[in-house]
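J.: Here is a sequence together with a model predicted from it:
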Amino acid sequence: MSNSLVGLDEGWSEIIGEQLRGGATVAGLDPYAVLGAAQQAMAASPAFRQFVEKRAAASRPMLHQIPLNRARDWTIDFGPVSGAASTTTVVSQNPQCLFRGEKMMATDSGSTSGYGTRIVQVLIGNKLQKSTGGGATLTAFYAPTSLGNGIRWDTCEKGLTIAITVSFVSACTFDATVFGKAVM
């Protein structure tokens, strides 16, 4: 490659033509001869070189050199778990990877869905994610149809447990899913 082209696209590769099998030509011309003539013309004429650089830049996609993001969307299911009225249970999961919850959807099989259970607290390891000082939150707050029930939990490290404490107002079955980001 000519020194006149060095530095145009350092670190990137560009396919500039089609190499045909068997040394065939395109429209009667040898593709490598055409490219060689173009390189010589660019070396001889700064205006032609500038024209080719602008055309090449306009025909390429925009590129950003950013680090790869290995995070992926992930869900963790809690339940189903059943309980009698006035009892409390803890539903827990061990993600086995880095996980940060960003949205929670929960329901129960009470006479009115979402009103048969309350979420008392959420722990990630020993870090409290939902305050217990203000009482428990009705599961209906986390219904799939509710707006604004996004959460932003701390990141659960490998080997830690996510534990949701559920209080049963009536005898029913509780079920929840937490959506978030995981890094394997």
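T.: Structure received.

J.: I'd like to know the average pLDDT value across the helix or strand containing residue 55.
T.: Secondary structure from DSSP states H and E places residue 55 in helix 46-59. Mean pLDDT, helix 46-59: 76.

J.: again with stretch 111-122
T.: On average, the pLDDT along stretch 111-122 is 94.

J.: Packing partners of the helix or strand hosting residue 103?
T.: Applying DSSP H and E as the criterion places residue 103 in strand 98-108. Judged by 3 or more Cβ pairs under 8 Å, 6 or more residues apart in numbering; DSSP states H and E, the packing partners of strand 98-108 are strand 72-83, strand 117-124, strand 172-183. C-beta here means a position set from N, CA and C on the backbone, and glycine is covered the same way.

J.: Flag every buried residue along it.
T.: 98-101, 104-108 (16 or more other Cβ atoms under 10 Å).

J.: Would you check that residue 121 makes contact with residue 130?
T.: Yes - taking Cβ atoms under 8 Å as the definition, residue 121 is a contact partner of residue 130 at 5.3 Å.

J.: For residue 47, grab the count of nearby residues.
T.: Counted by other Cβ atoms under 10 Å, the residues lying close to residue 47 total 8.

J.: So it versus residue 37, what's the distance?
T.: 17 Å (Cβ to Cβ, to the nearest Å).

J.: just residue 155 next, same as before
T.: 58 Å.

J.: which of those two has more neighbours?
T.: Neighbour tally, residue 155 and residue 37, criterion other Cβ under 10 Å: the higher count belongs to residue 155, 16 against 11.
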